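Enquirer: my questions concern the predicted model and sequence given below.
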Amino acid sequence: MKLLLSSQRHYSKLASLNLKTFENPQANAYKIIQYCKSGSLFEAIHVLNSIDWTKLSNKPFFYASLLQTCTKVVSFTHGIQFHTLAIKSGLDTDRFVGNSLLALYFKLGPNFFEARRVFDGLFYKDVISWTSMITGYVKVEKPKKSLELFLEMLGLGIVPNGFTLSAVIKACSELGDLRLGKCFHGVVMVRGFDLNGVISTALIDMYGRNSAVDDANLVFVELPQPDAICWTSIISAFTRNDVYDKALGFFYLMCRIDGLSPDGFTFGTVLTACGNLGRLKQGKEVHAKVITSGLSGNVFVESSLVDMYGKCRLVNQSQCVFDRMSIKNSISWTALLGGYCQNGDFESVIRIFREGEKADTYSFGTVLRACSGLAAVRQGKEVHCQYVRRDDPSLWTVLLGACAASPHSATAERIARKAMELKPDHHLSYVYLANVYRAVGRWDDAVKIRNLMTKRGVGKMPGTSWIET
DNA sequence: ATAGGGTTAG
């Protein structure tokens, strides 16, 4: 069996045969491992194809090494080939091969379904197999499932380690379960992981996201030598909890420490703090640091810059940064809109909104919130706005998007009807209205809208709504 | 001999 070497076809089969005859199998095995270690996947496969590798001893080790190399060099297709071969040899149930497969599917897929299949098929699941799955569930935003798996693991008598703990702490963070998070904090202390930067970062982040910024700070100050990520996580915790002055203070402290430098993550959060404080002078200082750090092309950092200048009432500067961005997304675009909104330039907001194609549900909401105030919509009152707010279907759609999540369906319904009347072929209006109905449990009406869409041949109804019911 | 973890923008 030869592996496909899609981009390396120049290796001739003839050469392979010669090698097979003359070279020492053990030397070849050693070569393969060396190539794997240095990330030279094609060279490893080349040697592999030149020998009779069905007779290799310790095959699980080879499969595991090769799979890890595929993951390392981001070659998913080769990884899948090795998976197929591993299945044929019955080695996909080996825990080393299996754990390497889990990494392949999580990191390169990400394909949770395949990963789960591999996991379920494992002959013996060790703490790494379990931790990989627990981490995987957190990554696909199923923190509850990840905690269930954790309990199942404990039930089998498998002892969690630092990797496992950092994953379950993250799950608590996502679930908003501060109490359970504190329990894990206790475990971390008892087990002596409290000086571990990675686990501490997970704890700081968990506390920061759950309004317990003081607890986050307690974890941070215990660290003898926090690394850049720990610093960023505490700065971010302060920022999330509107303790902007502390966030900035910690940022300046961090900049003064030898061997530490803020990265894109740090700048993203620090600029948010500057913007929310309206500190233009500091914001400009940070901007200068961004440039000298070579982070100008980072979409996160630049979106934060757009936001910061907008909040500091320098809309021109905000527009200027935006125009120079090489990569833009709906977030950068919404930050720009937000700046114009906050400065009362609604004309520009509407103009940019009409021109742009980067709208998402968040930007709909932001635009509306900034322009007319969401509170009025939530209360089911008529929205008074000079722009409609005319018989302009796109504006009605904006309105609808903003109040779709509102429990007051009457307003949403009225707006949706209006939008559908003005622009019957615009599928979003139908989708929004159906979502409104689903949100308030009017399933029959949601079905009616779906049928109406089909009848009129409008777009496609997505399988899931954005509103969790 | 081989596998798993933390931080960012509207």
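Expert: Good, I have the coordinates.

Enquirer: what ranges do the helices span in the stretch 51-200 of chain A?
Expert: Secondary structure of the stretch 51-200 of chain A, counting by DSSP state H, counting those that start in this stretch: helices at A:59-72, A:76-88, A:95-108, A:112-121, A:127-139, A:143-155, A:162-175, A:178-190, A:197-209.

Enquirer: for A:Lys246, give me its contacts.
Expert: Counting by CB atoms under 8 Å, 6 or more residues apart in numbering, A:Lys246 touches A:Phe238. C-beta coordinates here come from the backbone N, C-alpha and C atoms, glycine included.

Enquirer: still on that earlier bit, got the helices of the stretch 51-200 of chain A as JSON lines, with mean neighbour count and distance to A:Ile234 columns?
Expert: Putting the helices of the stretch 51-200 of chain A into JSON lines (neighbours: other CB atoms under 10 Å; distance: least, CB to CB, whole Å) gives the following:
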{"stretch": "helix A:59-72", "mean neighbour count": "22", "distance to A:Ile234": "31"}
{"stretch": "helix A:76-88", "mean neighbour count": "18", "distance to A:Ile234": "36"}
{"stretch": "helix A:95-108", "mean neighbour count": "23", "distance to A:Ile234": "28"}
{"stretch": "helix A:112-121", "mean neighbour count": "16", "distance to A:Ile234": "31"}
{"stretch": "helix A:127-139", "mean neighbour count": "21", "distance to A:Ile234": "21"}
{"stretch": "helix A:143-155", "mean neighbour count": "17", "distance to A:Ile234": "22"}
{"stretch": "helix A:162-175", "mean neighbour count": "22", "distance to A:Ile234": "15"}
{"stretch": "helix A:178-190", "mean neighbour count": "16", "distance to A:Ile234": "15"}
{"stretch": "helix A:197-209", "mean neighbour count": "25", "distance to A:Ile234": "5"}
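
Enquirer: dump the ones you listed into JSON lines; add distance to A:His426 and mean pLDDT as well.
Expert: Formatted as JSON lines, the helices of the stretch 51-200 of chain A follow (distance: least, CB to CB, whole Å; pLDDT from 0 to 100):
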{"stretch": "helix A:59-72", "distance to A:His426": "44", "mean pLDDT": "96"}
{"stretch": "helix A:76-88", "distance to A:His426": "38", "mean pLDDT": "96"}
{"stretch": "helix A:95-108", "distance to A:His426": "38", "mean pLDDT": "96"}
{"stretch": "helix A:112-121", "distance to A:His426": "34", "mean pLDDT": "96"}
{"stretch": "helix A:127-139", "distance to A:His426": "35", "mean pLDDT": "97"}
{"stretch": "helix A:143-155", "distance to A:His426": "36", "mean pLDDT": "97"}
{"stretch": "helix A:162-175", "distance to A:His426": "35", "mean pLDDT": "98"}
{"stretch": "helix A:178-190", "distance to A:His426": "43", "mean pLDDT": "96"}
{"stretch": "helix A:197-209", "distance to A:His426": "37", "mean pLDDT": "98"}
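
Enquirer: can you lay out those as TSV showing distance to DNA strand B?
Expert: Below are the helices of the stretch 51-200 of chain A laid out as TSV (distance: least, CB to the nearest atom of the strand, whole Å):
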stretch	distance to DNA strand B
helix A:59-72	3
helix A:76-88	12
helix A:95-108	3
helix A:112-121	11
helix A:127-139	4
helix A:143-155	10
helix A:162-175	3
helix A:178-190	9
helix A:197-209	3
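
Enquirer: okay if I get the ones you listed as CSV plus distance to A:Phe322?
Expert: Listed next are the helices of the stretch 51-200 of chain A as CSV, based on distance: least, CB to CB, whole Å:
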stretch, distance to A:Phe322
helix A:59-72, 36
helix A:76-88, 35
helix A:95-108, 33
helix A:112-121, 36
helix A:127-139, 31
helix A:143-155, 35
helix A:162-175, 31
helix A:178-190, 38
helix A:197-209, 28
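
Enquirer: what does the stretch 201-350 of chain A put close to DNA strand B?
Expert: Proximity of the stretch 201-350 of chain A to DNA strand B is confined to A:201-202, A:205, A:227-230, A:232-233, A:236, A:239-240, A:263-269, A:272, A:275, A:298-301, A:303-304, A:307, A:329-335, A:338 under the rule CB under 7 Å from any atom of the strand.

Enquirer: what's the burial count for A:Pro224?
Expert: For A:Pro224, the neighbour count with other CB atoms under 10 Å is 6.

Enquirer: mind listing what it touches?
Expert: A:Leu195.

Enquirer: sec struct for it, please.
Expert: Assigned with DSSP: H, G, I helix; E, B strand; the rest coil, A:Pro224 falls in the coil class.

Enquirer: now A:Leu260
Expert: What three-state DSSP gives for A:Leu260 is coil.

Enquirer: what subset of the residues of the stretch 201-350 of chain A next to DNA strand B is buried?
Expert: Neighbour counting by 16 or more other CB atoms under 10 Å classes A:201-202, A:205, A:228-230, A:232-233, A:236, A:239-240, A:263-269, A:272, A:275, A:298-301, A:303-304, A:307, A:330-335, A:338 among those as buried.

Enquirer: in helices, which of those appear?
Expert: Judged by DSSP state H, helices contain the following of those: A:201-202, A:205, A:228-230, A:232-233, A:236, A:239-240, A:264-269, A:272, A:275, A:299-301, A:303-304, A:307, A:330-335, A:338.

Enquirer: run a quick neighbour tally on the residue nearest to A:Val73 when sequence neighbours are not counted.
Expert: Leaving aside its sequence neighbours, A:Val73 sits nearest to A:Leu41 (CB to CB, 6 or more residues apart in numbering; 5.0 Å). Per other CB under 10 Å, the neighbour tally for A:Leu41 reads 21.

Enquirer: and A:Leu41, how close does it get to A:Gln68?
Expert: Relative to A:Gln68, A:Leu41 is positioned 10 Å away (CB to CB, to the nearest Å).

Enquirer: same thing with A:Gly186?
Expert: Applying CB to CB, the value for A:Gly186 to A:Gln68 is 35 Å.
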